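Student: Here is a sequence with its predicted model. Questions after.
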Amino acid sequence: MSNKVALARVHDEAELERFRDVQRLCYRCADEVAATLEPGVTERDACRRMRRWLRERGVDDWLHTPFAWFGDRSAFRGFKVPTQFLPSATRLEEGMPYILDMAPVRNGYSADIGYGGVLGENRIWERLDADLAAYRALILDLVRERRTFADVYAEVDALIDRQGYQNRHRKYPGRVIGHQVGIIGGILPKRVGFPFGVRFLQTIGRELVKERLEGRSPLWNGAAQSRHAPTPGLWAVEPHIGFRGVGVKFEEILVVTEDDAYWLDDDLPHVHRWARRHGGLGAAPQKGEATR
């Protein structure tokens, strides 16, 4: 199996279905683990539950092992060094927001998702989550227009400013709003170079070199290497906004073709939650997926 993260064939429906299955597995995991969260549970407890749940269902490798961020850590408040992203002993309390994030690999196929929630009620979280819906539509529209990745990043920043929030995805390594995902293979063992899978690190390293030679990058941010038209492939996209110690994000796979784009799946918890807020209407079918 290739080490190329960009291997995903965006016109091969059978292959896309394998990625869709892994993404749906992630969201099932997030739903079921979120249902077990209660006051006193730590981030480390939640991550152990996610990891065990996924392993029991065939996950055999990782892009990265699960993360959980509770309370103001959901907005990356005070984060200055990479180790602060790792699961901590922070305990969940009533009214706290949380984010569950996981990126497993099963039989070579990968996904990377972010799942937001709140324990009980939090009006700030509700407002941020409602406003987050606009980013899913904005990103898709701009990619379909073939705007450069850097332009899309800038437009997301502009929307964050208009809404009066803070850009939290710029806190991620590389200040990324997205990155390519694909089939992970190779001869290296399926081990974790905490918190990243060794095979994934090898893969992304090779792609960084290869894409740089072509004036591109498998990492999507606002820098010079993202000033190019959207690269065909699968992209895990993760806009993340924050306000007053509350952070909200989604992360899911965007399929980019040579002349179009669409979200891999609309049957997702955040999409249904936003639809319920707007009178229960489901998401409109996207080009190329009306019969899925």
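Tutor: Cool, the structure landed.
Student: hey, let's count contacts and neighbours off CA atoms from now on
Tutor: Will do.
Student: Would you report the backbone torsion angles of L219?
Tutor: Backbone geometry at L219, expressed as degrees, to the nearest 10, gives phi -110, psi 130.
Student: Same question for W53.
Tutor: phi -60, psi -50.
Student: Quick one: the helices in the stretch 1-150 of the chain, in order.
Tutor: 13-34, 43-55, 123-144, 149-163 (DSSP state H, counting those that start in this stretch).
Student: how many neighbours does V255 have?
Tutor: Neighbours of V255 under the rule other Cα atoms under 10 Å: 24.
Student: Likewise for T83?
Tutor: The number of residues packed near T83 is 10, by other Cα under 10 Å.
Student: if I look at it, how far off is N167?
Tutor: To N167, T83 is 20 Å away according to Cα to Cα, to the nearest Å.
Student: Tell me who's in contact with R144.
Tutor: Contact partners of R144, counting by Cα atoms under 8 Å, 6 or more residues apart in numbering, are D259, D260, A261.
Student: swap that for R20, please
Tutor: L264, D265.
Student: Can I get stretch 72-79 in PDB, CA atoms only?
Tutor: The C-alpha trace of stretch 72-79 is given here as PDB (Å, rounded to 0.1, in the frame of the first residue of the first chain):
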ATOM      1  CA  ASP A  72     -11.600  27.000  28.600                       C
ATOM      2  CA  ARG A  73      -9.200  24.500  27.100                       C
ATOM      3  CA  SER A  74     -11.800  24.100  24.400                       C
ATOM      4  CA  ALA A  75     -10.800  27.600  23.300                       C
ATOM      5  CA  PHE A  76      -7.100  26.800  23.800                       C
ATOM      6  CA  ARG A  77      -6.800  29.600  26.400                       C
ATOM      7  CA  GLY A  78      -3.200  30.000  27.400                       C
ATOM      8  CA  PHE A  79      -1.900  27.400  25.000                       C
END
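Student: residues making contact with that stretch?
Tutor: With Cα under 8 Å, 6+ apart, stretch 72-79 has contacts from 85, 97-99, 168, 171, 241-243, 245-248.
Student: Compare these and tell me which is most surrounded.
Tutor: G247 (31 neighbours).
Student: Work out for me the element that residue sits within.
Tutor: Here G247 sits within strand 246-249, counting by DSSP states H and E.
Student: helix or strand right after the lowest-mean-pLDDT helix or strand in the chain?
Tutor: Ranked by mean pLDDT, DSSP states H and E, the weakest helix or strand in the chain is helix 198-213, scoring a mean of 59. Next along the chain after helix 198-213, taking DSSP H and E as the criterion, comes strand 219-220.
Student: and the helix or strand following that following strand, what does it pack onto?
Tutor: Once strand 219-220 ends, the next helix or strand along the chain (criterion: DSSP H and E) is strand 233-237. Where contact means 3 or more Cα pairs under 8 Å, 6 or more residues apart in numbering; DSSP states H and E, strand 233-237 is packed against strand 178-181, strand 252-256.
Student: Recalculate using a threshold of 10 Å.
Tutor: strand 113-118, strand 178-181, strand 219-220, strand 252-256, strand 261-263 (3 or more Cα pairs under 10 Å, 6 or more residues apart in numbering; DSSP states H and E).
Student: Kindly reformat these as JSON lines containing distance to R191 and mean pLDDT.
Tutor: Output for the helices and strands packed on strand 233-237, formatted as JSON lines (distance: least, Cα to Cα, whole Å; pLDDT from 0 to 100):
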{"stretch": "strand 113-118", "distance to R191": "20", "mean pLDDT": "98"}
{"stretch": "strand 178-181", "distance to R191": "18", "mean pLDDT": "93"}
{"stretch": "strand 219-220", "distance to R191": "22", "mean pLDDT": "94"}
{"stretch": "strand 252-256", "distance to R191": "24", "mean pLDDT": "98"}
{"stretch": "strand 261-263", "distance to R191": "30", "mean pLDDT": "98"}
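Student: and those strands as JSON lines, adding distance to F196?
Tutor: Below are the helices and strands packed on strand 233-237 laid out as JSON lines (distance: least, Cα to Cα, whole Å):
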{"stretch": "strand 113-118", "distance to F196": "15"}
{"stretch": "strand 178-181", "distance to F196": "14"}
{"stretch": "strand 219-220", "distance to F196": "15"}
{"stretch": "strand 252-256", "distance to F196": "18"}
{"stretch": "strand 261-263", "distance to F196": "25"}
